[in-house]
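Undergrad: got a structure for you, letters missing:
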């Protein structure tokens, strides 16, 4: 009987991990990243006399979040850090603010805004500014030496540079089920990448189901 309970527990745990968990994770995800964050190589200051502008081409529809890494030692700056998104004609389409009280030193800060539904393939200008920040309490945005596709060059005020802000674009999922399916595909891809582990895992799962469902499972003489 004890073996029977263990087999049921193992089988149910496996089913939950393989089937239910990815589905629940898909329902919880509100934004899907474009790509991993680029390297953090150095910083550029943002304050009342200096703003940073970065061309950014969206790869999908429903762009709704931009993430950047920011320095704000000891939370000394309490002023807003502002992201203004301009379209290709220079018209502002979204503005997002994050208070300095929510920007610990070196953290990855997310600027949330209403989705830009037809964003795929369109280039935007991302401008980071903080007009109320003085020179002695500047924010510093992390810059990468490797400019990802669809970004750059960086503009510090009106000075053009070869680098780019180390940022990540996020997109609102068009379908929660599509996100869950993507998680399933990712897990399956990882399993198939290690055939030995995949075969062992599959046999273990099948053995557990067989043990539970076989008429004489768990019986001893």
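TA: All right, it came through fine. Everything numeric here is computed off the predicted structure, so don't read it as measured data.
Undergrad: quick one, strands of this protein?
TA: For the chain, the strands defined by DSSP state E occupy 32-33, 42-46, 52-57, 63-71, 80-86, 92-99, 107-116, 123-129, 139-144, 154-156, 159-161, 164-165, 167-171.
Undergrad: export these as a markdown table, with columns for mean pLDDT and mean neighbour count.
TA: Just so you know, the C-beta spots here come from the backbone N, C-alpha and C atoms, and that holds for glycine as well. Converted to a markdown table, these look like this (pLDDT from 0 to 100; neighbours: other CB atoms under 10 Å):
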| stretch | mean pLDDT | mean neighbour count |
| --- | --- | --- |
| strand 32-33 | 84 | 16 |
| strand 42-46 | 96 | 18 |
| strand 52-57 | 96 | 20 |
| strand 63-71 | 97 | 22 |
| strand 80-86 | 98 | 20 |
| strand 92-99 | 98 | 15 |
| strand 107-116 | 96 | 16 |
| strand 123-129 | 97 | 19 |
| strand 139-144 | 97 | 22 |
| strand 154-156 | 93 | 18 |
| strand 159-161 | 90 | 10 |
| strand 164-165 | 95 | 22 |
| strand 167-171 | 94 | 22 |
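Undergrad: out of these, flag the one nearest residue 199.
TA: Closest to residue 199 of the strands of the chain, according to CB to CB: strand 32-33, at 31.4 Å.
Undergrad: just checking: what are the partner strands of that closest one?
TA: Strand partners for strand 32-33, identified by DSSP bridges, are recorded as strand 167-171 (antiparallel).
Undergrad: picking up where we left off before, and the strands of the chain as TSV, adding distance to residue 199?
TA: Shown next, in TSV, are those (distance: least, CB to CB, whole Å):
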stretch	distance to residue 199
strand 32-33	31
strand 42-46	47
strand 52-57	43
strand 63-71	39
strand 80-86	49
strand 92-99	48
strand 107-116	38
strand 123-129	47
strand 139-144	41
strand 154-156	49
strand 159-161	52
strand 164-165	44
strand 167-171	36
